[in-house]
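**Q** next come a sequence and a model predicted from it.
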Amino acid sequence: MSVTDRYSTLSDLPRHLPVFPLQGCIILPRSTLPLNIFEPRYLEMIDNALAGERLIGIVQPHGKNDDEESPVDRRSPLRTTGCVGRITSFSETEDARLLITLAGIARFDIVQEVSTDKPYRMCEVSYERYASDLIHGYGQDAVDWQKLLSTLKTYLSTRQMSADWDSIERSPAELLVNTLSVISPYGPEEKQALLEASTLKERSEVLMALAQMEMASTDDDSSSTLQ
């Protein structure tokens with residue numbers, strides 16, 4: 001039983017969450033996300049989470065300044081959809097940073113932000129639209145596995161990158177699609193599209209389309225250079 005399997009029903013998840021706004025960063029069910037925590041407000045958030053349910057929400061800010069990783073202004077708008085994760089490991093560095101790993105559990109919609117005397121932001125959230133996120137492997141049989149592997153191989157080959165293909169080919173489709181979505185090098189809009197994809201099949205198709213567009217763009221740039 002994995003650490004996220006303890007959340008079997010929506011009632012197992014809190015309606016009020018501390019949220020960590022991070023530009024260009026998402027987490028998805030049963031994927032993992034390492035984070036380096038150094039700002040005082042978020043160090044306090046993690047300390048409080050570790051003393052409680054170990055749950056925090058990851059959500060992207062919704063602003064014009066894409067260079068600002070985590071907005072200081074508490075009035076900065078947030079995207080309406082994020083994902084809750086559980087802190088599964090943490091360590092403290094000599095310079096007082098926290099290195100943590102989150103395991104994704106389920107996506108949520110932000111209902112409203114709630115007032116708090118904490119230095120970080122809190123939101124009332126709803127998980128109703130994402131009840132299937134709690135079902136391990138839900139929808140993975142619909143993923144075009146061979147096309148996904150073929151696209152991934154081509155993508156890595158064009159970038160002269162290697163991979164452990166034995167491990168990849170043994171991975172469940174859900175784990176591969178969600179992990180690739182989390183670590184993908186795309187911008188905030190593309191990451192949000194991956195997060196909000198209604199099914200695992202749709203997410204895999206968005207992921208493949210993004211990879212194909214990037215490869216086509218690279219090919220066009222190479223052709224222009226050679227002419």
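**A** Alright, I've got the coordinates. Just so it is clear, the structure is predicted and the values come from calculations on it, not from any experiment.
**Q** only C-alpha atoms for contact and neighbour calcs from this point on.
**A** OK.
**Q** which stretches of this structure have low pLDDT?
**A** In the predicted model of the chain, residues 1, 64-68, 218-227 satisfy pLDDT under 70.
**Q** which stretches of the protein form helices?
**A** Listed in chain order, the helices found in the chain under DSSP state H are 40-51, 145-158, 165-170, 173-183, 188-196, 200-226.
**Q** next up, phi/psi of the most centrally placed residue in the chain, please.
**A** The chain has residue 27 as the residue nearest its centroid, 1.8 Å off, counting by C-alpha atoms, centre = their mean. According to degrees, to the nearest 10, the main-chain angles of residue 27 amount to phi -140, psi 150.
**Q** my read: it touches residue 83, true?
**A** Yes: Residue 27 lies in contact with residue 83 (C-alpha atoms under 8 Å); the separation is 6.1 Å.
**Q** list residues touching both of these two?
**A** Common neighbours of residue 27 and residue 83, counting by C-alpha atoms under 8 Å, 6 or more residues apart in numbering, are 58, 104.
**Q** tell me the helices and strands packed up against the biggest strand by length in the chain.
**A** Counting by DSSP state E, the longest strand found in the chain is strand 98-114. Helices and strands touching strand 98-114, by 3 or more C-alpha pairs under 8 Å, 6 or more residues apart in numbering; DSSP states H and E, are strand 32-37, strand 81-92, strand 121-126.
**Q** now mean neighbour count and distance to residue 184 too, for those, in CSV please.
**A** Shown next, in CSV, are the helices and strands packed on strand 98-114 (neighbours: other C-alpha atoms under 10 Å; distance: least, C-alpha to C-alpha, whole Å):
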stretch, mean neighbour count, distance to residue 184
strand 32-37, 17, 12
strand 81-92, 20, 17
strand 121-126, 20, 26
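**Q** those: which one's closest to residue 59?
**A** strand 81-92 (4.4 Å; C-alpha to C-alpha).
**Q** now do that closest one against strand 98-114, angle only.
**A** On the basis of axes from the mean of the first three to the mean of the last three C-alpha atoms, to 10 degrees, strand 81-92 is oriented at 150 degrees to strand 98-114.
**Q** show me how far strand 81-92 is from its chain's centre.
**A** Distance of strand 81-92 from the chain centroid (C-alpha atoms, centre = their mean, to the nearest Å) equals 11 Å.
**Q** please apply the same query to stretch 185-200.
**A** Using C-alpha atoms, centre = their mean, the offset of stretch 185-200 from its chain centre is 9 Å.
**Q** buried set for that stretch?
**A** 186, 188, 190-192, 194-196, 199-200 (16 or more other C-alpha atoms under 10 Å).
**Q** circling back: how near is the residue nearest to the centre of the chain to residue 133?
**A** From residue 27 over to residue 133 the distance is 12 Å, taken as C-alpha to C-alpha, to the nearest Å.
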